[in-house]
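>>> With the input below, show me the fold.
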Amino acid sequence: ETHMSTKSHRMLFLSTMAFTVCFSAWMINGVLVTFLVENNLFTWNAVQIGFLLGVPVLVGSVMRLPVGILTDKLGGRWVMAAILLFCAIPMFFLSMANSYTSFLLLSFGFGLSGSAFAAGGAYTAVWYPKEKQGTALGIFGVGNVGAAFTTLFAPTILNSLTKQGADLEAWRTLPKLYAALLVVFAVIFLLGTEN
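Model prediction:
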């Protein structure tokens, strides 16, 4: 029983961390697109900005059902790790994006990180008895704070990367940092969890 609960708590902790990282990545456009347009690096109109902000949110929401189904079939461990690794790829390429089209297409890619909620939630619940699942999922849900992390800290990180705007092209380091974070957490998650 105690051994089980220690293991369950580890799965819960790792799932929550992975979910937090995914949600941070999911919201990167909110900060990045604003920064790029305000600094005239890209001249996107209101509709284009709307799409860049909306697409990841839409993809993440729409993909929750298929991701939930996959999680039931393959287990949360593989699905969560796959989401982390998969999203790192378009996130990394975002650092090379030079046009609206490339930004938009890559946003479709890393938008999948928003569906981590379905994988992690299903995976976490399995490790707890019915009477503790609500609490476990409540703790897991704290991973939503990842979105707030990006909103709160990414502007500061962008400012220091670009030396307060002296080297604006250095914005490209931010998606690379996020991509690295996704890969690191995929590895930690795979090493620390089991099906």
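
>>> going forward, measure contacts between C-alpha atoms and count neighbours the same way
OK.

>>> And the strand or helix carrying V145, what does it pack against?
In the assignment (DSSP states H and E), V145 maps to helix 145-161. With contacts defined as 3 or more C-alpha pairs under 8 Å, 6 or more residues apart in numbering; DSSP states H and E, the packing partners of helix 145-161 are helix 2-26, helix 28-38, helix 173-192.

>>> ok, now which ones touch P155?
31-32, 35 (C-alpha atoms under 8 Å, 6 or more residues apart in numbering).

>>> mind redoing it with 7 Å?
V31 (C-alpha atoms under 7 Å, 6 or more residues apart in numbering).

>>> for the one 3 residues further on, same thing?
L158 sits next to 171, 174 when contact means C-alpha under 7 Å, 6+ apart.

>>> Just the mean pLDDT for the helix or strand containing T124, thanks.
Assigned by DSSP H and E, T124 belongs to helix 116-126. Helix 116-126 shows an average pLDDT of 95 in the prediction.

>>> helices or strands up against that helix?
In terms of contacts (3 or more C-alpha pairs under 7 Å, 6 or more residues apart in numbering; DSSP states H and E), helix 116-126 is packed against helix 2-26, helix 64-74, helix 76-94, helix 130-141.

>>> how about the nearest residue to the most centrally placed residue in the chain, chain neighbours excluded?
The chain has C22 as the residue nearest its centroid, 1.9 Å off, counting by C-alpha atoms, centre = their mean. The spatial neighbour of C22 that comes closest, neighbours along the chain excluded (C-alpha to C-alpha, 6 or more residues apart in numbering), is S113 at 5.0 Å.
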